[in-house]
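Engineer: give me a model of this one.
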Amino acid sequence: MHLFSRKVGEGQPFVVLHGVFGSSDNLFTVCKKIAESGFEVHILDARNHGQSPRNEVFNYEVMASDLNAYLNENNIQNPIIMGHSMGGKTVMTFAQTYTNFSKLIIVDIAPRFYPTHHDHILAGLAAIDLSKINSRKDAEDIFSNYVSDFGEKQFILKNLYRTEESGFDWRINIPVISREIYQIGGEIVLDKKVEKPTLLIRGSDSSYVTDADFEDFKSSFVNAELLTIEGANHWVHATKPIEFVEAILEFSA
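Structural biologist: Next up is the predicted model:
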C-alpha cells in the first residue's frame, strides 16, 4: 500500500504518524517547526485516513507494515519516528518487528487496552446523510447533537470535503473504522526489548498515560524517558505546540 505523505524540510529523516480520525494535516504546523531545525519530515496519512488508500483490513500489524513499506519505498534509513495516539501504537508495533529507526517518540498513549470511547463520534458520523446536506453548516448542526466539544467537533469535521461534483464526502473510511474501532484501543503486546532511545510524551491534563503505564512501557523500551507537558491535554501538539516542539528538538538533537 502506497501511503500518502507530506514532506517538508531537509536533513535527518523524521517520520510522523497521526491518531484515529486524523490526517497529516493535523500535525503539519508543528512539523514545519521541526523541519526548520534540520529535519526532512515525512507526515503520513494512515490507511483509511486522509488521502491514503482505503482497505478492509485495519489493525496495528498492517499499519506497521505500511510504515515499513513507506520507509523502503522512499529509501529512508534510520529515521526518528513519532506517533500520536493510534500512531503511537503503530510505532510500538513497528518497533517490535522492525529495526529501521534511530529514535522513537510516542505521544500520549500507552501499550495497554483502552475501552472504546468514540461511540458518540461514530454515532454523529452515521447521522450525517451526505446526500441530504448542502453545506458544512448542515453537517455541523447534525454532528453537534452528538459531539459538544468545539475542538473535537472541528477536528472530526476537517475530514469532510466538497467533491468535484459539488457534493460532500469523507476523507476517512467510516464503515471500516466503525467496524474495527475496538482494534484501535487494543493492547500492544511488547515481548521484545527495544534499546534505542525512546521518548514518551504525555499531557498533564490527559489521563491516557499513568505512571504505572510508563513502568510497563519501560519494561520493553528499556531506554525510555517520560516527559509531561504542563497544561496539555491528549492533543499535546495542538494545546501546547511551542513546548511540544521544544521537547521534540531537545530529544532529537
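
Engineer: would you mind measuring the gap between the ends of stretch 213-226?
Structural biologist: 10 Å (Cα to Cα, to the nearest Å).

Engineer: tell me which residues are up against it.
Structural biologist: 95-96, 104, 106, 110-112, 190-200, 202, 209, 251 (Cβ atoms under 8 Å, 6 or more residues apart in numbering). Bear in mind the C-beta positions are built from the backbone N, C-alpha and C, glycine included.

Engineer: at 10 Å what do you get?
Structural biologist: For stretch 213-226, contacts defined as Cβ atoms under 10 Å, 6 or more residues apart in numbering pick out 92, 95-96, 103-104, 106, 109-112, 188-202, 209-211, 228, 251.

Engineer: residue 141 reaches residue 133, doesn't it?
Structural biologist: Yes. Using Cβ atoms under 10 Å, residue 141 is in contact with residue 133, at 9.1 Å.

Engineer: out of the contacts of stretch 213-226, which are buried?
Structural biologist: Using 16 or more other Cβ atoms under 10 Å as the burial test, these include 92, 95-96, 103-104, 106, 109-112, 188, 190, 194, 196-202, 209, 228, 251 as buried.

Engineer: who has more neighbours out of residue 141 and residue 133?
Structural biologist: Higher neighbour count among residue 141 and residue 133: residue 133, with 17 against 12, using other Cβ atoms under 10 Å.

Engineer: contacts only, for the more buried one.
Structural biologist: Listed by Cβ under 10 Å, 6+ apart, the contact set of residue 133 reads 139, 140, 141, 142, 160, 167, 168.

Engineer: could you check the pLDDT of the last one?
Structural biologist: What that stands for is residue 168. Note for residue 168: predicted pLDDT of 96.

Engineer: list the contacts of the closest residue to it other than its chain neighbours.
Structural biologist: Of all residues not flanking residue 168 in the chain, residue 130 sits nearest, at 4.9 Å (Cβ to Cβ, 6 or more residues apart in numbering). Residues counted as contacts of residue 130 (Cβ under 10 Å, 6+ apart) are 138, 139, 160, 163, 167, 168, 169, 170.

Engineer: recalculate using a threshold of 7 Å.
Structural biologist: Shown in contact with residue 130 (Cβ atoms under 7 Å, 6 or more residues apart in numbering): 167, 168, 169.

Engineer: give me the subset of those residues that lies in strands.
Structural biologist: Those of the contacts of residue 130 mapping onto strands are 168, 169, per DSSP state E.

Engineer: for residue 2, state which of the contacts of residue 130 is nearest.
Structural biologist: residue 169 (20.4 Å; Cβ to Cβ).

Engineer: could you give the number of residues near the closest one?
Structural biologist: For residue 169, the neighbour count with other Cβ under 10 Å is 11.

Engineer: picking up where we left off before, any idea how far the residue nearest to residue 168 is from residue 56?
Structural biologist: Separation of residue 130 from residue 56 (Cβ to Cβ, to the nearest Å): 21 Å.

Engineer: now do residue 39
Structural biologist: Applying Cβ to Cβ, one obtains 35 Å for the distance of residue 39 from residue 56.

Engineer: which one's more surrounded, these two?
Structural biologist: residue 39 (23 against 10).

Engineer: bridged to that one, which residues?
Structural biologist: Beta-bridge partners recorded for residue 39 (DSSP bridges): residue 12.
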